[in-house]
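Undergrad: the following comprises the amino acid sequence and a computationally predicted model.
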Amino acid sequence: MKKLTKAQSNYSFWLLNAAAYLTWLGVFVATLPDLTGDPNRTWILVLFGLFFVGLTAYAFLEERPTLLHLYLLIQVIIVWYLSGLVPRSANSNVSTLLFVLSAQAMLFLPLIPGLVWIAVFIVVTFLGGVFAFEVIHAIDFVAMMGGYLFFGTFGAALRQANEARQQTQQLLADLQEAHDQLQAYTAQAQQLAVAEERNRLAREMHDALGHRLTVAVVQLEGAQRLIPTEPTRSANMIGTMRDQLKQALAELRQTVSALRSPESSPSLNGSLETAVTHLVQTFQEATGLPVHVTLPNELPLLPEAHRLALYRAAQESLTNVQRHASAEQAWLALSADGSQVTLTVADDGQGFQQEVTDGRFGLVGLQERAKQLGGFLALGASERGGAQLRLQLPIPTVEAADA
């Protein structure tokens, strides 16, 4: 929180201090003619000077109540001595200086201490009048009390205005600070959103194109070997490869479209069971690797993000089986209970190797998908001797799935 400086907070002091200096000057000028030939002239001028110095020192007493009480006490003593030294004709002029003190007391002191000092000024003025004139009229005493209360009210009003201004400035400073923080948070959120979108598109491009191109490479290798002996079969494999590349191109276009418009995010056409079945069939035809599939009779209602994550996990797992497992067969199972849906892909190959699993973009992407959807991805050994990938995702409520 930003703090206001003293120079910003006590502007009311300068208004009151200007009035104090003018009052002192008026009293001093009005008193000078009565000092001609007065034996106490020097002492009176010294006391007027000390009072003026006190007015200057008042500028440094804000938020220092102890020194402020000492200041008022010294100024009262000066006025008391002045009242006893000046001629009787100038006594009322000197008492006017206490009006300034009443306003100063109410400006920098709380209400009760300020009122106590005003009461002290009234008593001092009354005693000074009695001492100088031996009697003080009731009308003069009432007028005197009204003057002190008026100047005290003036000082209190300046204090309230000053406090209100300080609060307004403080609120403005806090608001500006909050605005700056909000701008910083907004910029950070935008950067995080851009990074998240980059990661999402990177996952889509890797999962979609990686699988299609892997199958195409396998088809090319097989076709290249069969061209001399089985040209017809080689031509069929090249045809299959062409279909794979067309699908890869279609998915690439869909991903590029998502770059231009977030509403064009990749999605599955048809049910998840149909998409997985077609994926396995295409994989078997292209690689010749048998895949044993187990699918439930009916899957619960899943959001598009869950369905796409399960499909990409199956796609990436089969691609890894082909590229790294050296397996003879694979198993893919999709199951669901009341709270979660599970995809398991296993093989009978050589299992996961550390140099294969570390830094793999596909597996990192699957882990990110699982984390975003509240699930988890587990990699381990298969009961059949190879590797196993298991993806579990929570089944959302019907309302969340519709959304």
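TA: Great, that's in hand. Numbering: from 1, shown residues only.

Undergrad: any idea how far Arg57 lies from Leu252?
TA: Actually, residue 57 is Ala. It isn't Arg. 82 Å (CB to CB, to the nearest Å). The C-beta positions use only the backbone N, C-alpha and C, and glycine is treated the same way.

Undergrad: show me which of the two is the more surrounded one.
TA: Leu252 (15 against 12; other CB atoms under 10 Å).

Undergrad: helix, strand, or coil at the more buried one?
TA: For Leu252, the assignment made with DSSP: H, G, I helix; E, B strand; the rest coil gives helix.

Undergrad: any figure for the gap between it and Ser317?
TA: From Leu252 to Ser317 the distance is 21 Å (CB to CB).

Undergrad: same question for Tyr185.
TA: 39 Å.

Undergrad: these two touch, right, Val27 and Ser92?
TA: No - if you go by CB atoms under 8 Å, Val27 and Ser92 don't touch, sitting 9.8 Å apart.

Undergrad: so for the two, which residue has more residues nearby?
TA: Between Val27 and Ser92, Val27 has the larger neighbour count (other CB under 10 Å), namely 23 against 19.

Undergrad: list the contacts of that one.
TA: Val27 makes contact with Asn93, Val94, Thr96, Leu97 under the criterion CB atoms under 8 Å, 6 or more residues apart in numbering.

Undergrad: most neighbours among those residues, please name it.
TA: Val94 (28 neighbours).

Undergrad: leaving out sequence neighbours, find the closest residue to that residue.
TA: Leu82 (4.7 Å; CB to CB, 6 or more residues apart in numbering).

Undergrad: for the stretch 101-250 of the chain, which segments are assigned as helices?
TA: Applying DSSP state H, counting those that start in this stretch to the stretch 101-250 of the chain gives helices spanning 111-133, 138-226, 231-260.

Undergrad: for this structure, give me the ranges with low pLDDT.
TA: 1-13, 62, 89-91, 128-143, 193-212, 251, 254-269, 353-361, 398-403 (pLDDT under 70).

Undergrad: what residues go with each domain of it?
TA: The chain is divided into the following domains under automatic domain parsing: 6-178, 272-403.

Undergrad: now distance to Thr240 too, for the ones you listed, in TSV please.
TA: Formatted as TSV, the domains of the chain follow (distance: least, CB to CB, whole Å):
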stretch	distance to Thr240
domain 6-178	62
domain 272-403	6
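
Undergrad: which one of those lies closest to Gln219?
TA: Proximity to Gln219 (CB to CB) singles out domain 272-403 among the domains of the chain, at 5.4 Å.

Undergrad: so which bits of stretch 345-355 are buried?
TA: Residues of stretch 345-355 classed as buried: Val345, Ala346, Asp347, Asp348, Gly349, Gly351, Phe352 (neighbour count, 16 or more other CB atoms under 10 Å).

Undergrad: where's the residue lying closest to Ile44 once chain neighbours are set aside relative to Arg41, distance?
TA: Distances taken as CB to CB, 6+ apart put Leu85 closest to Ile44, at 5.2 Å, once the chain neighbours are dropped. In this view, Leu85 and Arg41 are 9 Å apart by CB to CB.

Undergrad: those two: who's more crowded?
TA: Higher neighbour count among Leu85 and Arg41: Leu85, with 18 against 15, using other CB under 10 Å.

Undergrad: can you pull the contacts of that one?
TA: By CB under 8 Å, 6+ apart, the neighbours of Leu85 are Asn40, Trp43, Ile44, Leu47.

Undergrad: what does Leu97 give?
TA: So Leu97 contacts Thr23, Trp24, Val27, Phe51, Gln75, Val79, Leu82 (CB under 8 Å, 6+ apart).

Undergrad: can you check Leu379 too?
TA: Phe352, Thr357, Leu363, Ala387, Gln388, Leu389, Arg390.

Undergrad: the closest residue to the first one other than its chain neighbours: neighbouring residues, count only.
TA: With sequence-adjacent residues excluded and distances taken as CB to CB, 6+ apart, Phe352 is closest to Ala387, at 4.6 Å. For Ala387, the tally of surrounding residues (other CB under 10 Å) stands at 27.

Undergrad: kindly provide the distance from Ala387 to Leu72.
TA: Distance from Ala387 to Leu72, by CB to CB: 89 Å.

Undergrad: likewise Ala223?
TA: Counting by CB to CB, the gap from Ala223 to Leu72 is 106 Å.

Undergrad: Ala333 belongs to a strand?
TA: Yes - looking at Ala333 with three-state DSSP, it is inside a strand.

Undergrad: does it really touch Thr344, like I thought?
TA: Yes - with contact defined as CB under 8 Å, Ala333 reaches Thr344; the gap is 4.6 Å.

Undergrad: looking at these two, which is more packed in?
TA: Comparing Ala333 with Thr344 by neighbour count (other CB under 10 Å), the higher total belongs to Thr344, at 20 against 15.

Undergrad: where's that one, which helix or strand?
TA: Assigned by DSSP states H and E, Thr344 belongs to strand 340-347.

Undergrad: let me see the backbone angles for Ala336.
TA: phi -150, psi 140 (degrees, to the nearest 10).

Undergrad: then Thr229?
TA: Torsion angles, degrees, to the nearest 10, at Thr229: phi -100, psi -40.

Undergrad: tell me how many other residues crowd it.
TA: 8.

Undergrad: just Phe154 next, same as before
TA: Phe154: 18 neighbours (other CB under 10 Å).

Undergrad: with adjacent residues omitted, what lies nearest to it?
TA: In space, Phe154 is closest to Ala103, 5.3 Å off (CB to CB, 6+ apart).

Undergrad: gap between the one you found and Gly222?
TA: Counting by CB to CB, the gap from Ala103 to Gly222 is 103 Å.

Undergrad: same question, Gly385
TA: Taking CB to CB, one finds Gly385 at 26 Å from Gly222.

Undergrad: tell me which of those two has more neighbours.
TA: Neighbour tally, Gly385 and Gly222, criterion other CB under 10 Å: the higher count belongs to Gly222, 20 against 13.

Undergrad: now for the more buried one: which residues touch it?
TA: Gly222 neighbours (CB under 8 Å, 6+ apart): Ser234, Met237, Gly288.

Undergrad: with that, I have no additional questions.
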